[in-house]
Every structure is written in C-alpha cells, then in structure tokens.
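>>> sequence unknown, structure follows:
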C-alpha cells in the first residue's frame with residue numbers, strides 16, 4: 001500500500017554545507033508531488049505521509065567510483081548519486097574483486113579503472129553545479145535534447161552520458 005517516489009532535484013549548498021536547515025526544501029517537495037500526480041493522475045487527492053531529504057554522494061560522471069587503500073586491504077566505493085540501493089550489490093562485487101586482486105569483467109570496466117574528473121574547488125564549484133542543474137532541467141523540458149553546456153560536459157567525460 002505504499003509508493004516510494006523521489007528524484008529530480010539534487011540541491012547543492014555552497015561549501016558542501018549539509019544539515020537539517022538546508023535539507024528540507026518546500027519547492028522540491030511540491031515539485032516531486034506534481035511529478036508524481038502527472039505520472040499517476042488517477043491518484044489525485046492522495047496525501048503524502050512521509051518525506052525524506054538529504055545529501056547525496058556523487059561524482060562528476062554521476063556513477064560510483066572505487067578504489068583501495070592500506071596496501072589494498074581496504075576497498076571503498078563512493079558516489080552512488082542516490083542509486084545506492086540498486087547499485088550497491090554491484091558496487092560490493094567490484095570492491096570484492098579489487099580486494100581479491102583478480103582481473104574480472106567488472107574490474108576491466110572503464111568506470112572502475114578510471115577515476116572521475118574532480119569537481120572544481122569553491123568558489124567555482126557552486127556556480128558550475130547551478131549551471132548544470134539548470135541545464136538538466138532545460139533538457140528535461142526539451143524531451144532530452146541537450147544544450148551546449150551538457151554537450152560540452154559530455155565531451156570531457158563528465159555527466160550522465162559519459
């Protein structure tokens with residue numbers, strides 16, 4: 001009897017600021033409700049009983065990235081970009097492959113072998129992220145047609161299509 005609905009707006013606050021005072025955004029909550037009702041118009045009039053918000057860990061290519069430390073005795077995986085529930089099983093298998101030292105189909109993947117392009121430092125990070133958020137919103141309104149900013153990011157291997 002429950003539907004979990006989320007996504008769309010990944011807010012970023014200058015300097016990686018996190019906390020309750022910046023997590024809950026009424027505009028985002030209302031937009032998600034509108035998206036939900038556009039998808040399920042037959043559920044008009046329902047009441048949302050819960051909401052959740054919080055920071056997401058991401059990379060410049062919007063996928064997880066892996067590595068090892070402590071003489072390859074510790075593996076790490078970060079940057080699931082809100083896809084952690086579905087992707088964590090795959091991520092764990094990659095981490096186990098890295099710890100074992102074996103070459104596998106998973107460790108041969110470019111997304112495992114190469115680290116993503118680093119985000120710029122502040123004060124450049126905030127405007128770059130805001131520009132990207134607006135470009136993604138425009139792309140959504142244009143049925144997936146990418147504008148010049150997202151096309152440029154793709155050329156550098158940064159973003160969802162990288």
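Received the coordinates, thanks. Only a predicted model underlies this, so the values are computations on that prediction, with no experimental measurement involved.
>>> Touching, residue 118 and residue 60? I think so.
Yes. Using C-beta atoms under 8 Å, residue 118 is in contact with residue 60, at 7.0 Å. Just so you know, the C-beta spots here come from the backbone N, C-alpha and C atoms, and that holds for glycine as well.
>>> So between the two, which is more surrounded?
residue 60 (21 against 8; other C-beta atoms under 10 Å).
>>> wait, the more buried one sits on residue 115?
No. Counting by C-beta under 8 Å, no contact exists between residue 60 and residue 115, whose distance comes to 9.6 Å.
>>> Contacts made by the lowest-mean-pLDDT helix or strand in the chain with the rest, please.
Least confident helix or strand, the chain: helix 20-23 with a mean of 78, by mean pLDDT, DSSP states H and E. Defining contact as C-beta atoms under 8 Å, 6 or more residues apart in numbering, one finds that helix 20-23 is touched by 11, 13, 53, 54, 55.
>>> Residue 39 versus the residue at the greatest distance from the centre of the chain, what's the distance?
Relative to the mean C-alpha coordinate of the chain, counting by C-alpha atoms, centre = their mean, the farthest residue is residue 45 (30.3 Å). Distance, residue 45 to residue 39, by C-beta to C-beta, to the nearest Å: 15 Å.
>>> same check, this time on residue 60
For residue 60 relative to residue 39 (C-beta to C-beta), the value is 29 Å.
>>> tell me which residues of the helix or strand harbouring residue 153 are tucked away?
Assigned by DSSP states H and E, residue 153 falls within helix 148-155. Residues of helix 148-155 classed as buried: 149, 150, 153 (neighbour count, 16 or more other C-beta atoms under 10 Å).
>>> surely the second one meets residue 133?
No. Residue 150 is beyond contact range of residue 133, at 11.1 Å (criterion: C-beta under 8 Å).
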